[in-house]
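In: here is a sequence with its predicted model. Questions after.
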Amino acid sequence: MIFDLQPTLEDELIKAVPLKADDFEKLYLVASDPLIWAQHPNKDRYKREVFENFFKGAMESKGAFIVYDQASGNVVGSSRYYEPNDENHSVAVGYTFIGRDFWGKGHNAALKKLMFDYAFQFVEKVKLHIGATNYRSQKATEKLGAVKVAEIEVAYYGEPVKWNFEYQIDKVQWKNR
């Protein structure tokens, strides 16, 4: 699969650009809000030392983005592509978090639309891994048309194993929504 996992993606609402090492402080300002992580399996990612590990994993993934609001230039959050799989013609989208200032304003949906539209130029399936207790993200994912296909254990970059739901959306389903 010839697939640049870090293109610049933008629409009128947001701009997602490749994450760089010097983005840490401005992204941590958003991530340091404990309420962002309240339903997440890794509830302590708001702590600097825990977020440092998350950020290191994001950088090493070579598929992570920092997302900006087009109107204000403020940091919205982050997301990434990971686990590209030629055999299954799939890629995963996730590790997304959005600052509370942008909740309910369409930023997450815009980000997923940009990421899915781009990915579906190269793959047939997009997968999303969502914590079993992260009801807010599950609902947002289902609104996009993704369906739960599995329950799996996920251990993120040195963190303890957590129970996750795997969702999937197929290219045809996405195009016909």
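Out: Arrived safely, thanks for sending. Residues are numbered from 1 along each chain as shown.
In: and the strands in this protein?
Out: Counting by DSSP state E, one finds strands in the chain at the ranges 9-10, 14-18, 64-69, 75-85, 90-98, 125-131, 147-155, 161-170.
In: out of these, which one sits most buried?
Out: Sort the strands of the chain by mean neighbour count, taking mean count of other C-beta atoms under 10 Å, and strand 64-69 sits at the top with a mean of 24. C-beta coordinates here come from the backbone N, C-alpha and C atoms, glycine included.
In: packing partners for that one?
Out: On a contact count with 3 or more C-beta pairs under 8 Å, 6 or more residues apart in numbering; DSSP states H and E, strand 64-69 meets strand 14-18, strand 75-85, helix 107-119.
In: direction included, what does that strand pair against?
Out: Partners of strand 64-69 in the sheet, by DSSP bridges, are strand 14-18 (antiparallel), strand 75-85 (antiparallel).
In: export the first one as PDB, just CAs?
Out: Just to be clear, that refers to strand 14-18. The C-alpha trace of strand 14-18 is given here as PDB (Å, rounded to 0.1, in the frame of the first residue of the first chain):
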ATOM      1  CA  ILE A  14     -10.100  22.300  10.600                       C
ATOM      2  CA  LYS A  15      -6.600  21.600   9.500                       C
ATOM      3  CA  ALA A  16      -4.700  18.400  10.400                       C
ATOM      4  CA  VAL A  17      -0.900  18.600   9.900                       C
ATOM      5  CA  PRO A  18       1.800  16.000  10.700                       C
END
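In: tell me where this structure is predicted with low confidence.
Out: Under the criterion pLDDT under 70, the flagged ranges of the chain are 1.
In: now do the same contact list for residue 131.
Out: Shown in contact with residue 131 (C-beta atoms under 8 Å, 6 or more residues apart in numbering): 39-42, 137, 162-165.
In: who touches stretch 144-152?
Out: Outside stretch 144-152, the residues within contact range by C-beta under 8 Å, 6+ apart are 109, 112, 116, 126, 128-129, 132, 138, 163-169, 173-174, 177.
In: chain center to that stretch: distance?
Out: 15 Å (C-alpha atoms, centre = their mean, to the nearest Å).
In: same question, stretch 19-26
Out: Centre to centre, stretch against its chain (C-alpha atoms, centre = their mean), the figure for stretch 19-26 is 16 Å.
In: would you mark the buried spots in it?
Out: Neighbour-count burial for stretch 19-26 flags 19, 23-24 (criterion: 16 or more other C-beta atoms under 10 Å).
In: dump the strands paired with strand 64-69 into CSV; add distance to residue 147 as well.
Out: Listed next are the strands paired with strand 64-69 as CSV, based on distance: least, C-beta to C-beta, whole Å:
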stretch, distance to residue 147
strand 14-18, 25
strand 75-85, 18
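In: sounds good, over and out.
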